[in-house]
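J.: return atomic coordinates for the entry below.
(2 chains)
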Amino acid sequence: MVTLRISGIDCYYGSIKALDNVTFSSREGEFAGILGPNGSGKTTLLKAISRTLTPRVGTVFLDDINIYDMKIREVAKNVAVVPQEAVATFDFTALDVVLMGRNPYIDRFRMESREDLAVAKRVMELTNTWDLADRPVNELSGGEKQLVIIARALTQEPKVLLLDEPTTHLDISHQISIMDILRGVCKEKKLVVLAVFHDFNLATRYCDSAMLLNNGSIFSIGPIDTVLTGENIKKVFRVDMIVKRHPITESLYVVPLSISRSKITQSKDIIVHMICGHGTGAPLMKLLLEHGYGVTTGVHSTLDTDYDAACTLGIPVVSEAPFSPITEENHKANLAMIDEASAIVVSNVPFGFGNLKNLEAAKVALERGKMTVIVEETPIQQRDFTDGKAQSLLEELKSKGAITVKSRKEALSILKALRK
Amino acid sequence: MTSINLSEAEATYFKRFARWKIIIILLTLTLILTVTFAVTIGPMQISPLDAYKIIIKNIPFIGDLVRGGSSSIEEVVVLQVRLPRILAAAIVGIALAVAGVVLQGLFRNPMADPYVIGISAGASLGASFAIAFGIGLSFFGVLYSIPLMAFASALGTVLLVYSIARTGQGVPMLTLLLVGIAVNSFLLAIISIIRLVSGEAIHAIMAWIFGSLVACNWNYVKIALPFVIIGVALIYVFARDLNIILLGEEQARHLGVDTERLKRIMLASATLITAAAVSISGIIGFIGLIIPHIARILVGPDHRILIPSSALAGAIVLILCDTIARTIVRPAELPVGIITSLIGGPFFVYLIRKRKRSVIG
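T.: Numbers count the residues shown, from 1 in each chain, chains lettered A, B, ... in the order given. Okay, the predicted model is just below:
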């Protein structure tokens, strides 16, 4: 069982501390991501493990052997590094470069043997680079070059593979194929893989575990879904993110919001209550906040996209357990929120028996004299799953004075009238 | 593990080792032809056969096998005049070409040559002092004061450049290059001052700085040869490491190369062989810059073949240039450094043009 154990390392560049008491360990077959803002110490950590930058305090153990006690060739047999972008000067062929990975195994006075070549061939077939064997590396594309460098790292037959943003400079298809290969190798050869990522979505898709670095120390470490939470990202990167599980890949995906929550001030004078769901309300919520309105919303299932959006944007929301009808209690809470609001907006949400009560709440609001705006981008018939109950309620709202608009922009301009 | 099937690409890979052997054999044959040609050329025409007879006759043990038909004056010309000079040219050519390969590799810069870290200016300074003020004359005698002063001064200069550039972590190559340039120009200024105050000796200084093999005798050969043999052998031992350091120092370390040690040994070896060469020949330009380029075009970037073929090509080219230098304006003689620069300059421009085209196309 191969274990990489980093034990309390402090690293410095001159007098600047780049890593502060970093301790963790990683097992074979584990694909671990290192995340964090620029300057948080990600690359420094890789440098400390690859013996490029000696920690001032603490050390790195591979299977309980201090790698700083190993000979440099011994380290190269155990730890391989794939840099962000490899420079290739002079026209060595791809095979030449891959065979350089055998260097720690070849005695000074020996040439490469058939065994060395066999290792190189096996690895190049694995990385789909064997066809490039005779091509000068200078002439390869960025993606091909990076694959050659990965093949070179693998010919070292390492136990630990360190990747420093290995796909940053590549297009999306190369990113995916290279990451697929790397993850496959990690599992098959039982490697300890530590990879620095800037792209959260790549990290969530490929990593088993992750660590989030902030100012040179570990902010959070563990399974990827416990580390990469909206809250953690917000704290470390100061950016609001939506973190969700993708229904197809089942990995987390992360989308940044363009504005930081700190910029949004929930206005108290004009509050708009939104009746929405399924993500039909989120864009308008953001728009209203940006235009200085206060926003509330309800009732939402906690699995609903608009619920997530409301939470992320810091909007007061009445929520309900998933797949349950709206309880009387929550309905009342929703009405209480409506009482506080100056206007309500009914979004282009589909209605089923689960959320029909929200439309009844809108009716109550209208009866209590609240300005009511209905956004109708698609006819209600197409999104009514209540045997016409929703349709008749909506028509009743319209007949009692609710304003119907075609888009959220129109809704915004109507609401601006409230300002005056 | 013996039952590995070799595919075509693998077979191609191993064919290169055979190709390397052929390249070395061809270059060695060319060198022998060049030496033969150079021995026979001069004010006195000597046939190749006679030249061979004279040479073989004077090799211990097998010399008795040859019945000589040559006159004693021919023997003196071959053995005492031409052969030491040709061997000196070969030694200097080997040293400059190999040092050029090493420094271009270490600096990962095709513009590097053996003189970038201050060897030429350092040697010139020592030689200028020896010529202008007769320094060292009383210790070493007329013949040896110039080479020994040049040698010592070259080594001292490189040590100075190295220690200025060194940091706690090691020696950053870029810093070394910049310090080399600075020290070079500083020393050149001092040399200019010496030239200004040297009076009559200025011609001798100029002749030395241009580079010439005119003074080379067996003793010079004996001085330089051990340094060059040891230095080149040491460099060759690290040929594969030189390949790997082309990927960059950090990556080379990841592949198990102790880059700081490699740089120390390579800089020391290149400095020793260059200083040894320069001390007997003066500053011969362009060999150390161009020969590595030509060799790289011919045999590829792998130092295991690049080093020996550069060495052989350096010897061949410098012997030819020196033959031109000593025959073209007979009975006078041109400094060989002028010939190498005269031919090397345009040829280098041609190489750059060709390279530019291949980059664009």
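J.: ok, the strand or helix carrying B:Leu242 near chain A or not?
T.: Per DSSP states H and E: B:Leu242 is located in helix B:239-245. Yes: interface with chain A: helix B:239-245 contributes B:Arg240, B:Asp241, B:Asn243, B:Ile244 (CB under 8 Å from any CB of the partner chain). All C-beta spots, glycine's among them, are computed from the backbone N, C-alpha and C.
J.: check contacts around the residue in chain A that chain B sits nearest to.
T.: Minimum separation of chain A from chain B (CB to the nearest CB) falls at A:Ala76, amounting to 3.1 Å. For A:Ala76, the contact set (CB atoms under 8 Å, 6 or more residues apart in numbering or on different chains) comprises A:Asn103, A:Pro104, A:Gln156, B:His254, B:Leu255, B:Gly256.
J.: and the longest helix seen in chain B, which residues are buried?
T.: Counting residues, the longest helix found in chain B (DSSP state H) is helix B:8-40. Within helix B:8-40, the residues that qualify as buried are B:9-10, B:13, B:16, B:20, B:23-24, B:27, B:31, B:34-36, B:38-40, counting by 16 or more other CB atoms under 10 Å in any protein chain shown.
J.: just these now: which is nearest A:Ser251?
T.: For the buried residues of helix B:8-40, the minimum distance to A:Ser251 (CB to CB) is 37.7 Å, reached by B:Ala9.
J.: any low-confidence regions in the stretch 201-350 of chain B?
T.: The stretch 201-350 of chain B contains no residues with pLDDT under 70.
J.: near chain A, which residues of it?
T.: Proximity of the stretch 201-350 of chain B to chain A, by CB under 8 Å from any CB, involves residues B:237-238, B:240-241, B:243-244, B:246-248, B:250-251, B:253-258, B:296, B:300-302, B:304.
J.: let's go with 6 Å and repeat that
T.: Residues of the stretch 201-350 of chain B lying close to chain A by CB under 6 Å from any CB of the partner chain are B:Ile244, B:Leu246, B:Gly248, B:Glu250, B:His254, B:Leu255, B:Gly256, B:Asp258, B:Pro301.
J.: tell me the most packed of the residues you listed, by neighbour count.
T.: Neighbour tally across these (other CB atoms under 10 Å in any protein chain shown): the maximum, 30 neighbours, falls on B:His254.
J.: OK, contacts around it?
T.: Contacts for B:His254 (CB atoms under 6 Å, 6 or more residues apart in numbering or on different chains) come out as A:Ser50, A:Val81.
J.: quick check: it vs A:Pro158, distance?
T.: 10 Å (CB to CB, to the nearest Å).
J.: list, one by one, the residues from chain A near chain B.
T.: Residues of chain A lying close to chain B by CB under 6 Å from any CB are A:50, A:52, A:72-73, A:76, A:81, A:87, A:89-92, A:100, A:103-104, A:114-115, A:117-118, A:133.
J.: what do you get if the cut-off is 8 Å, keeping everything else the same?
T.: Contact residues, chain A versus chain B (CB under 8 Å from any CB): A:50-52, A:72-73, A:75-77, A:79-81, A:83, A:86-92, A:95-97, A:100-101, A:103-104, A:106, A:108-109, A:111, A:114-115, A:117-118, A:121, A:130, A:133-134, A:152, A:156.
J.: so which of those are in strands?
T.: Using DSSP state E, the subset of those located in strands is A:Val79, A:Ala80, A:Val81.
J.: quick one: the second one and A:Ile150 touch, right?
T.: No: the pair formed by A:Ala80 and A:Ile150 falls short of the contact definition of CB atoms under 8 Å, at 9.1 Å.
J.: follow-up on the earlier one: tell me the helix or strand right after the longest helix of chain B.
T.: Following helix B:8-40 in sequence order, the next helix or strand is helix B:48-57 (DSSP H and E).
J.: by contact count, what packs against that following helix?
T.: Using 3 or more CB pairs under 8 Å, 6 or more residues apart in numbering or on different chains; DSSP states H and E, the elements in contact with helix B:48-57 are helix B:8-40, helix B:72-76.
J.: leaving out sequence neighbours, find the closest residue to residue 276.
T.: All of this refers to chain A. In space, and not counting its chain neighbours, A:Cys276 is closest to A:Ser347: 3.6 Å by CB to CB, 6 or more residues apart in numbering or on different chains.
J.: that answer is for a different chain, and I need it for chain B
T.: Nearest non-adjacent residue to B:Ala276, counting by CB to CB, 6+ apart: B:Phe227, 3.7 Å away.
J.: that neighbour reaches B:Ile273, doesn't it?
T.: Yes: taking contacts as CB under 8 Å, B:Phe227 lies within contact range of B:Ile273: 5.9 Å.
J.: more crowded one of those two?
T.: Set side by side, B:Phe227 and B:Ile273 show more neighbours around B:Ile273, with 30 against 20, by other CB under 10 Å.
J.: what does A:Gly401 show for phi and psi?
T.: When read as degrees, to the nearest 10, the backbone of A:Gly401 gives phi 110, psi 10.
J.: surely it meets A:Ala365?
T.: No: applying CB under 8 Å, one finds A:Gly401 not in contact with A:Ala365, separated by 11.5 Å.
J.: what comes up buried for the helix ranked longest in chain A?
T.: Secondary structure of chain A per DSSP H: the longest helix is helix A:172-188. With burial defined by 16+ other CB under 10 Å, the residues of helix A:172-188 counted as buried are A:His174, A:Gln175, A:Ser177, A:Ile178, A:Met179, A:Ile181, A:Leu182, A:Arg183, A:Val185, A:Cys186.
J.: quickly list the domain ranges of chain A.
T.: Domain ranges of chain A: A:3-256, A:261-419, per automatic domain parsing.
J.: dump the ones you listed to a markdown table, plus mean pLDDT.
T.: Listed next are the domains of chain A as a markdown table, based on pLDDT from 0 to 100:
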| stretch | mean pLDDT |
| --- | --- |
| domain A:3-256 | 88 |
| domain A:261-419 | 87 |
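J.: quick one: the helix or strand that contains B:Leu96 near chain A?
T.: Using DSSP H and E, B:Leu96 sits in helix B:83-107. No: Helix B:83-107 stays clear of chain A (CB under 8 Å from any CB), getting no nearer than 8.6 Å.
J.: I'd like the next helix or strand past that helix.
T.: helix B:119-133.
J.: residues making contact with that following helix?
T.: Residues from elsewhere that reach helix B:119-133 (CB under 8 Å, 6+ apart): B:114-115, B:135-137, B:145-146, B:149-158, B:183-185, B:187-188, B:190-191, B:194-195, B:197-198, B:201, B:204-205, B:208-209, B:271, B:274-275, B:278-279, B:282-283.
J.: any of the residues you listed buried? List them.
T.: Taking 16+ other CB under 10 Å as the criterion, what is buried in the contacts of helix B:119-133 is B:114-115, B:136, B:145-146, B:149-155, B:157-158, B:183-184, B:187, B:191, B:194-195, B:198, B:201, B:204-205, B:208-209, B:271, B:274-275, B:278-279, B:282-283.
J.: on that earlier part again, could you check how far the residue nearest to B:Ala276 is from B:Ala127?
T.: Relative to B:Ala127, and taking CB to CB, B:Phe227 is found at 17 Å.
J.: A:Ile242 too?
T.: In this view, A:Ile242 and B:Ala127 are 75 Å apart by CB to CB.
J.: do A:Glu367 as well
T.: Counting by CB to CB, the separation of A:Glu367 from B:Ala127 is 108 Å.
J.: out of these two, which sits in the busier spot?
T.: Ranked by neighbour count (other CB under 10 Å), A:Glu367 and B:Ala127 place B:Ala127 first, with 29 against 11.
J.: for the stretch 151-300 of chain B, give the residue positioned nearest to chain A.
T.: Counting by CB to the nearest CB, the stretch 151-300 of chain B gets nearest chain A through B:Gly256, at 3.1 Å.
J.: any idea which residue of chain A is furthest from its center?
T.: A:Phe109 (49.2 Å; CA atoms, centre = their mean).
J.: check contacts around it.
T.: B:Val237.
J.: one step back: mind putting the contacts of A:Ala76 in a markdown table, distance to A:Ser7 included?
T.: As requested, these are exported to a markdown table (distance: CB to CB, whole Å):
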| residue | distance to A:Ser7 |
| --- | --- |
| A:Asn103 | 28 |
| A:Pro104 | 24 |
| A:Gln156 | 24 |
| B:His254 | 22 |
| B:Leu255 | 26 |
| B:Gly256 | 24 |
